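**Student:** How does the following fold in three dimensions:
(chains A and B, ligands or ions: 2)
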Amino acid sequence: MNKAIHMSLPDATTPTDPSANIVSVRGITKFYGSDVHALEDVNLDFPTGQMTTLLGPSGCGKTTLLKIIAGLLETTSGEVMVKGKAVTSPGPERAFVFQDFALLPWATVTRNVAFGLELTGVPLKEREAKAKSYIDKVGLSGFEDKYPHELSGGVRQRVGLARALAVDADVLLMDEPFSAVDEQNRRKFQEDLLHLLSVENKTVIFVTHSIEEAVYVSDQIVLLSPRPGRIHSIIRPELDRSSSPDDIRRDKVYLDTVEEIWGNIREYLD
Amino acid sequence: MTTTTSPGVVSAESSEGTAGLKLSGLQLRLISIVGFFLAWEISGHVPISPAFPTFSGTMMAMFEMIFDGSLFLAYFETLKPLLLGVGISAFFGVTIGVSMGLNKKSRWLWEPIFVVLQASPVAALIPLITYAYGIGITAKTVAVIILASPIIVLNTYKAVGNASPVLVQMSRAFQGTRMQEIWKVIIPNAAPVIFAGLRLGVAAGFIGVILAELLITPTGIGDIISYNRSIAKYPHMYAAVLSIIVFSAVMVGMLEKAEVKYFRPEKKRGQ
Ligand SMILES: Nc1ncnc2c1ncn2[C@@H]1O[C@H](COP(=O)(O)OP(=O)(O)O)[C@@H](O)[C@H]1O
Ligand SMILES: [Mg+2]
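**Tutor:** Numbering: from 1, shown residues only, chains lettered A, B, ... in the order given. Ligands and ions are numbered 1, 2, ... in the order given. Next comes the predicted model:
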């Protein structure tokens, strides 16, 4: 039985098809200063409408790669293509969900969710209505007038997610969105996220260091090896997503894929 | 210098006290105030020194000066240079501080001036102001500015320079312009420390104006203090000192209210 399909790595010369891959990165190398070599020659395609996970131990350059794709960090060399065009700064096609939430402490949940719209000049009434609809979608009804310090980590991250959804970007960049959430809520969030994304039709680039999480949520998993970060392998878990969350987690394909990735990671941890 | 810093110190403490108004906290505060006045009254009766009046005597003198209008006239004189000086220090101080936090060249230009001003015993310079600006309102205003502005500038600079990089990055990720980043993220983020600087600046401004009135031009509250001391009417002297401490504390407290109202709405709801 074909449990997971391995893809060949795209190299720098592979032409990208913008209709199939909404985001592509070519030959990304990143140094911080002169001696921290964070990424080395990363080539990746992110298929439109799919969820790709960047997986790897901490410090392997996941956040760096995600922020480069977001246009928040400069590359040392290489380029990021979004819808076939090279980009070097943030744009309306991409929205970011921060690991540490990055909410404005002095703003209510509503204003935080609407902040992306506020920055692009959407009129108050309109952006508040839009914020409200996403507040409801991520399950934050009743929290509209709360301030971030009144919320738990999990709830704050939902605010961050709603803010990213509200700007209606095609690509959602999420940096370990569930790292501040306890295990029980984490599973619930993963399910909620999958449900939400099936409705919203987004391309998602998702960073995590949890193998289980990666296998559970992803169409495509990019395993990075540490320092400097390189692509170790790309895995496509072929899970039957129509079954219930509990069944998926008991599915043989799910369990085998988790084991296989763990085996890969053990290779370079030794 | 030690005697002159006391009004500022006292007002800074009482401003902290007005922070979270809770019933039990309020009661505790009242007990502390009543206890202080009681101790004052008792030690006035002991007496510690013939120049140390009782609390009740001081209050009587205060009422006397309120009803004959002399206290108001004095405040009118004192407040003109104080408000002018504090206003100028606040406006230019925050502007300069923000520019220093955002811009390296501005930092190079201003930092030495204000660091030196803050570090030097400015009270000693106040008599020199007389040579440059005479003995009028200008001299008093300059004294206020010299004392109030360094702390406002340096606090603002520090606050803006340490703006949360995560929030700045967030603003960029959502395509905020540099101007939006400054106005919607950096300045609100820096507001608590800027306001802390403003409160200290106001307290320092009070020191400046009283010093000027004691050392340069015998007018206003400073004049009431030195005149009553010279004729040994100690209750009146203490009443003037007490009134300026209370006044400074109230002004600093009002500043805190304004901060919470306009910049820190999330603080309105306590824990
Ligand atoms: N601003 C920075 N300056 C210097 N080194 C950095 C900086 N940011 C990250 N690094 C280093 O780059 C490497 C990759 O970091 P990061 O992308 O945050 O990893 P991950 O998200 O996978 O944990 C780490 O070794 C980290 O210490
Ligand atoms: Mg990271």
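
**Student:** For ligand 1, see how far away B:Glu181 is.
**Tutor:** Distance, B:Glu181 to ligand 1, using C-beta to the nearest ligand atom, to the nearest Å: 19 Å. For the C-beta atoms, the positions are set from N, CA and C on the backbone; glycine is no exception.

**Student:** For that residue, give me its contacts.
**Tutor:** B:Val168, B:Ser171, B:Arg172 (C-beta atoms under 8 Å, 6 or more residues apart in numbering or on different chains).

**Student:** Among the residues you listed, name the buried ones.
**Tutor:** B:Val168, B:Ser171, B:Arg172 (16 or more other C-beta atoms under 10 Å in any protein chain shown).

**Student:** taking those residues one by one, which sit in strands?
**Tutor:** Per DSSP state E, strands hold no members of the buried ones among the contacts of B:Glu181.

**Student:** quick one: which of these is nearest A:Ala114?
**Tutor:** Nearest to A:Ala114 out of these is B:Ser171 (C-beta to C-beta; 13.7 Å).

**Student:** any idea of the pLDDT on that closest one?
**Tutor:** B:Ser171 carries a pLDDT score of 97 in this model.

**Student:** Next up, the contacts around it.
**Tutor:** By C-beta under 8 Å, 6+ apart, the contact set of B:Ser171 is A:Leu119, B:Gln180, B:Glu181, B:Lys184, B:Val185.

**Student:** quick one: low-confidence ranges for chain A?
**Tutor:** Within chain A, the ranges that satisfy pLDDT under 70 run A:1-19, A:270.

**Student:** near ligand 1, which residues of it show up?
**Tutor:** A:Tyr32, A:Val36, A:Ala38, A:Gly56, A:Ser58, A:Gly59, A:Cys60, A:Gly61, A:Lys62, A:Thr63, A:Thr64 (C-beta under 6 Å from any ligand atom).

**Student:** Pull out the buried residues from those.
**Tutor:** The neighbour count (16+ other C-beta under 10 Å) marks A:Ala38, A:Gly56, A:Cys60, A:Gly61, A:Lys62, A:Thr63, A:Thr64 as buried among those.

**Student:** Same list (those) but as JSON lines, adding secondary structure and distance to chain B.
**Tutor:** Below are those laid out as JSON lines (DSSP: H, G, I helix; E, B strand; the rest coil; distance: C-beta to the nearest C-beta, whole Å):
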{"residue": "A:Ala38", "secondary structure": "strand", "distance to chain B": "17"}
{"residue": "A:Gly56", "secondary structure": "coil", "distance to chain B": "22"}
{"residue": "A:Cys60", "secondary structure": "coil", "distance to chain B": "20"}
{"residue": "A:Gly61", "secondary structure": "coil", "distance to chain B": "17"}
{"residue": "A:Lys62", "secondary structure": "helix", "distance to chain B": "16"}
{"residue": "A:Thr63", "secondary structure": "helix", "distance to chain B": "11"}
{"residue": "A:Thr64", "secondary structure": "helix", "distance to chain B": "13"}
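
**Student:** Pull out the buried residues from the longest helix along chain B.
**Tutor:** Identified as the longest helix of chain B according to DSSP state H is helix B:70-102. For helix B:70-102, a neighbour-count test (16+ other C-beta under 10 Å) marks B:71, B:74-75, B:77-86, B:88-90, B:93-94, B:96-102 as buried.

**Student:** tell me which element the residue most central in space within chain A is part of?
**Tutor:** Centroid check for chain A by C-alpha atoms, centre = their mean gives A:Phe206 as the closest residue, at 2.1 Å. Using DSSP states H and E, A:Phe206 maps to strand A:203-208.

**Student:** And stretch B:231-238, what's buried?
**Tutor:** Neighbour-count burial for stretch B:231-238 flags B:Tyr234, B:Pro235, B:His236, B:Met237, B:Tyr238 (criterion: 16+ other C-beta under 10 Å).

**Student:** ok, those residues vs ligand 1, which is closest?
**Tutor:** Of all those, ligand 1 sits closest to B:Tyr238, with 57.9 Å by C-beta to the nearest ligand atom.

**Student:** Next, the contact list for the closest one, please.
**Tutor:** Listed by C-beta under 8 Å, 6+ apart, the contact set of B:Tyr238 reads B:Pro53, B:Thr58, B:Ala61.

**Student:** before we move on, what about B:Gly201?
**Tutor:** Contact analysis of B:Gly201 by C-beta under 8 Å, 6+ apart lists B:Val86, B:Ser89, B:Ala90, B:Gly93, B:Ala148, B:Ser149, B:Ile151, B:Ile152.

**Student:** Following element in sequence after the helix or strand hosting B:Ile126, please.
**Tutor:** Per DSSP H and E: B:Ile126 is located in helix B:122-133. Per DSSP H and E, the first helix or strand lying C-terminal to helix B:122-133 is helix B:137-161.

**Student:** Can you name every helix or strand that that next one contacts?
**Tutor:** helix B:70-102, helix B:104-119, helix B:122-133, helix B:187-215 (3 or more C-beta pairs under 8 Å, 6 or more residues apart in numbering or on different chains; DSSP states H and E).

**Student:** What residues of it count as buried?
**Tutor:** By 16+ other C-beta under 10 Å, the buried positions in helix B:137-161 come out as B:137, B:139-160.

**Student:** quick one: it to chain centroid distance?
**Tutor:** Its chain's C-alpha centre and that of helix B:137-161 lie 11 Å apart, by C-alpha atoms, centre = their mean, to the nearest Å.

**Student:** same thing with stretch A:160-173?
**Tutor:** 11 Å.

**Student:** now stretch B:115-126
**Tutor:** With C-alpha atoms, centre = their mean, you get 16 Å for stretch B:115-126.

**Student:** I'd like the mean pLDDT over that stretch, please.
**Tutor:** 81.

**Student:** With just CA atoms, put that stretch into CSV.
**Tutor:** What follows is stretch B:115-126, C-alpha atoms only, in CSV (Å, rounded to 0.1, in the frame of the first residue of the first chain):
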residue,chain,number,x,y,z
VAL,B,115,22.1,63.5,29.0
VAL,B,116,24.4,66.3,30.2
LEU,B,117,21.4,68.4,31.3
GLN,B,118,19.9,65.5,33.2
ALA,B,119,23.2,64.6,34.9
SER,B,120,24.2,68.1,35.9
PRO,B,121,23.0,69.8,39.2
VAL,B,122,20.7,72.0,37.3
ALA,B,123,19.5,73.8,40.5
ALA,B,124,23.0,75.3,40.7
LEU,B,125,22.5,76.8,37.2
ILE,B,126,19.3,78.5,38.1
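
**Student:** Fine, thanks again, bye for now.
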